[in-house]
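Novice: test case, fold it:
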Amino acid sequence: MLSQFPFLERIQFQHHCLIETPIEICETESFKASCPQNKVVVMTTARYGRMRIGRCVKKSLGYVGCFADVLPQADRRCSGLQDCEIRMPDPEFDRTAPCLEELKTYFEASFQCREVMQPPKPCSLGGDRWIISGLDHGTISNTVTRDTNCGTEQLPLEIRAFPGQRINITLYDFNTPYKIHQSMQYDDVTHVRCDEFVTVLDNHSKSTRKLCPGTHRISHGYTSTNDSLLVFFKKIPSAQESKKFLLEFKVIGCRDIVPPEGMYFTRTAEDAEIGCRRTSEVWSLACVQGRWKGEVGNCSSTFLPEILHGDPQVKKLPYGVTVGIILSLALVIGMVVLILGIIFLKRLQKGACADEMEDGGTGAVEMKRVHDQELHVCSHNFNLIAANPLEENLTKLHEDPMKDNPSNDYAPIKFHTFKASMLKQEDCREGLLAHDHVCPNKTVYFHPQVQQQPPQANQQYAYHAATSPRLVAHRFKEGDTVVHTCGKDRETSLYDRARFCSRDMKETSSVTLSRKPSFSMNNSF
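Specialist: Residues are numbered from 1 along each chain as shown. A predicted model of the protein is given here:
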C-alpha cells in the first residue's frame, strides 16, 4: 500500500441519512414524514393496496398481494420537502384501483432524510459565488437555491475536485408522472420539449449540458472532463414552484500524485505509473474506489551514484539549501581558525614566559586584583631603557636602546597606566621605582619611608634596589603607573634574575604586592 505517501490520502466526506423501515397507514390514518434542519424527505418506497395480512388487513378474502406503486404521487407530495403529510383514504391513490373497491386497502411507505448543502450566506449580484470544494459527495436542492439566490445563471455554483478527479452529476426528478425507471442513462433525444432544470458548464471543455425532466425519476446528468464544473438552476415559473428536484454530485477517480524529488508520475483514467527519472525503475498503480493501490519504491539510493559522478541532468539542490550549506561550512571554518588562533596565542605567551623564566628570573610578585580574569603578562616588546642599576645615584633613562648603545646592565622598562579595575603589569625588580613621562604627576609605588614627588615630564628615573625600601602591600589608585623590567638579548645581569612572569592573578577588592625570596642580592653593593 501507499501509506508511506501522505499525499495519496483521500479526503472523505460522510453523507448521513436516516432510513425508515416501511410503515402501514390504514384507512382514517395519516402518513407523516419529518426531517431535521438542512435535510429533506426522499421517498424510497410507496405502495397502495392489500400487500399482506397485518395491522390493516386482518383477512385475505382471496385478495392479498394486489397493489399499485404510487411512488411518483408520493414524490410530488413529500420528496424534497423537510416534512409532509398524506391522509388516508387518498383519492389520487384510489384512482390506481389495484384491488376490488369493496375491499379495504392501505398505504405502505418508507423514506429517508437526505442532507442538502447550504451556502455560507445568501448570494447577491456583485458578490461572491457559491463554491463547493474538498468534498467527494453532496446534494443540492432547487428550493435552497431559490431561497438563497445562489446557483442562478447570474451567480452560478462552482463545484471543485482535486486535480486528476472528475465530477459526476445525477438528477433526482420528483415531478415525473410516468412509470419509475432506475436508469442511469440520459438521452435527450427522447424529449421533444425541454424545460431544463439545470445547466452544467464544463470549465475544461467549455461544453454545456442542459438537464431536462423526462421519464426517469433518477437520471445521469453529466460527467466532467476535468476537476471543475459550473452549475446554475433555471428559475421555475411561479405556476410550477411546487416542482422539486435534487442534484447530486460525486467526485470520481483518484487525484493526481505530486511525486517526490527525482520521481515522475503519469496516468490514464484508472491506471498510473510512478518511476525514477534517472533509472528505469517504474511502479504501476491502480485507482480503486478513489484510492491508488500499489507499491512504490525509493529512488534516493539510485540517485546517489549519478550525483557523485556529476550527471548534468540531475536536478541541482534548491537555492536555499545551497546557501545553508555554504554558511554552515563558513561557520565551521571560522570556528576552527578562531580556535587555532587562540591556541597559537596561548603557546606564544607561554613561550615568552618560559624564555623569561629561563633567563634567570625566579623571583615573583603575588598580585590580586578586581575583576574575574587571569592575565599572563610577560616582559617583551619594551620601549624604554633603565639606568645602570649598579650606580647609587639616580640616572636619567635612555629613550632609544640602539641610539644610546646601552651596555649589558641596562634593562628595558615597560610602562602601563593602572586603572582602578584593570591591572596590566607590575614591577619585576625589588625596590625599583620609575615615573611615567606621560603622567608625571602620578606615582607608581608608594614606599612608607620615601614619598618623593615625581620629576617633570620627560624626566624618567629609577631607584637603585639597594637604597630603596622593599615594596609593601598597597592599594592602587586611579591613574597609578606600573612598570615591568627585563633583560636585554638574554644577557644576564643582577636585576635580570629578579624578573618574573606574572601568572594567575585572582579577584579581590584590593591589590596586594609581596615578594618570594627566590634569589639573594650579594653582588656589587
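Novice: switch to C-alpha atoms for all contacts and neighbour counts from now on
Specialist: OK.
Novice: can you list the domain ranges for the protein.
Specialist: 17-115, 131-252, 263-308, 316-358, 360-525 (automatic domain parsing).
Novice: lowest-confidence stretch among these?
Specialist: Note on the domains of the chain: domain 360-525 shows the lowest mean pLDDT, a mean of 35.
Novice: disregarding flanking residues, what is the spatial nearest neighbour of residue 51?
Specialist: Once flanking residues are discounted, residue 51 sits nearest to residue 65: 4.5 Å by Cα to Cα, 6 or more residues apart in numbering.
Novice: contact partners for the one you found?
Specialist: Applying Cα atoms under 8 Å, 6 or more residues apart in numbering to residue 65 gives the contacts 49, 50, 51, 52.
Novice: one more pass at 7 Å, please.
Specialist: 50, 51, 52 (Cα atoms under 7 Å, 6 or more residues apart in numbering).
Novice: with distance to residue 333 and secondary structure as new columns, can those residues be given to me in JSON lines?
Specialist: Converted to JSON lines, the contacts of residue 65 look like this (distance: Cα to Cα, whole Å; DSSP: H, G, I helix; E, B strand; the rest coil):
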{"residue": "50", "distance to residue 333": "96", "secondary structure": "strand"}
{"residue": "51", "distance to residue 333": "92", "secondary structure": "coil"}
{"residue": "52", "distance to residue 333": "93", "secondary structure": "coil"}
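Novice: for the residues you listed, which one is nearest residue 297?
Specialist: residue 51 (60.6 Å; Cα to Cα).
Novice: surely that closest one touches residue 63?
Specialist: No - using Cα atoms under 7 Å, residue 51 makes no contact with residue 63, being 9.2 Å away.
Novice: the two: which is more packed in?
Specialist: residue 51 (21 against 14; other Cα atoms under 10 Å).
Novice: ramachandran angles for the more buried one?
Specialist: Note on residue 51: its backbone torsions stand at phi -70, psi -40 [degrees, to the nearest 10].
Novice: can you pull the contacts of it?
Specialist: Residue 51 neighbours (Cα under 7 Å, 6+ apart): 64, 65, 66, 67.
Novice: how much space between it and residue 106?
Specialist: 8 Å (Cα to Cα, to the nearest Å).
Novice: from residue 207, how far out is residue 265?
Specialist: 28 Å.
Novice: compare these two (neighbour count), which wins?
Specialist: residue 265 (17 against 11).
Novice: rewinding a little: make TSV out of the contacts of residue 51 and add distance to residue 272 and secondary structure.
Specialist: Output for these, formatted as TSV (distance: Cα to Cα, whole Å; three-state DSSP):
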residue	distance to residue 272	secondary structure
64	57	coil
65	53	coil
66	54	strand
67	52	strand
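Novice: so which of those residues is the most crowded?
Specialist: residue 67 leads the contacts of residue 51 on contacts (other Cα under 10 Å) with 19 neighbours.
Novice: and residue 348, which of the three is it?
Specialist: helix (DSSP: H, G, I helix; E, B strand; the rest coil).
Novice: any idea how far it lies from residue 340?
Specialist: Relative to residue 340, and taking Cα to Cα, residue 348 is found at 12 Å.
Novice: can you check residue 220 too?
Specialist: 80 Å.
Novice: of these two, who's got more company?
Specialist: Neighbours per residue (other Cα under 10 Å) separate residue 220 from residue 340, with residue 220 holding more: 19 against 12.
Novice: separation between the more buried one and residue 160?
Specialist: 19 Å.
Novice: then residue 263?
Specialist: For residue 263, the distance to residue 160 - Cα to Cα - is 27 Å.
Novice: the two: which has the busier surroundings?
Specialist: The neighbour count for residue 263 versus residue 160, taken as other Cα under 10 Å, is higher for residue 160 (21 against 18).
Novice: beta partners for the more buried one?
Specialist: residue 133, residue 228 (DSSP bridges).
Novice: direction included, what does the strand or helix carrying residue 219 pair against?
Specialist: Using DSSP states H and E, residue 219 maps to strand 218-223. Sheet pairing for strand 218-223, assigned by DSSP bridges, gives strand 166-173 (antiparallel).
Novice: helices or strands up against whatever helix or strand comes next after the strand it pairs with?
Specialist: Following strand 166-173 in sequence order, the next helix or strand is strand 198-202 (DSSP H and E). When contacts are defined as 3 or more Cα pairs under 7 Å, 6 or more residues apart in numbering; DSSP states H and E, strand 198-202 packs onto strand 208-211, strand 228-233.
Novice: which of those strands is buried the deepest?
Specialist: strand 228-233 (a mean of 22; mean count of other Cα atoms under 10 Å).
Novice: contacts for that strand?
Specialist: 151-153, 156-161, 197-203.
Novice: with just CA atoms, put it into PDB.
Specialist: The C-alpha trace of strand 228-233 is given here as PDB (Å, rounded to 0.1, in the frame of the first residue of the first chain):
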ATOM      1  CA  SER A 228     -14.300  21.700 -12.100                       C
ATOM      2  CA  LEU A 229     -17.900  22.400 -13.100                       C
ATOM      3  CA  LEU A 230     -20.200  25.400 -13.100                       C
ATOM      4  CA  VAL A 231     -23.900  24.700 -12.300                       C
ATOM      5  CA  PHE A 232     -26.900  27.000 -12.400                       C
ATOM      6  CA  PHE A 233     -30.500  26.300 -11.800                       C
END
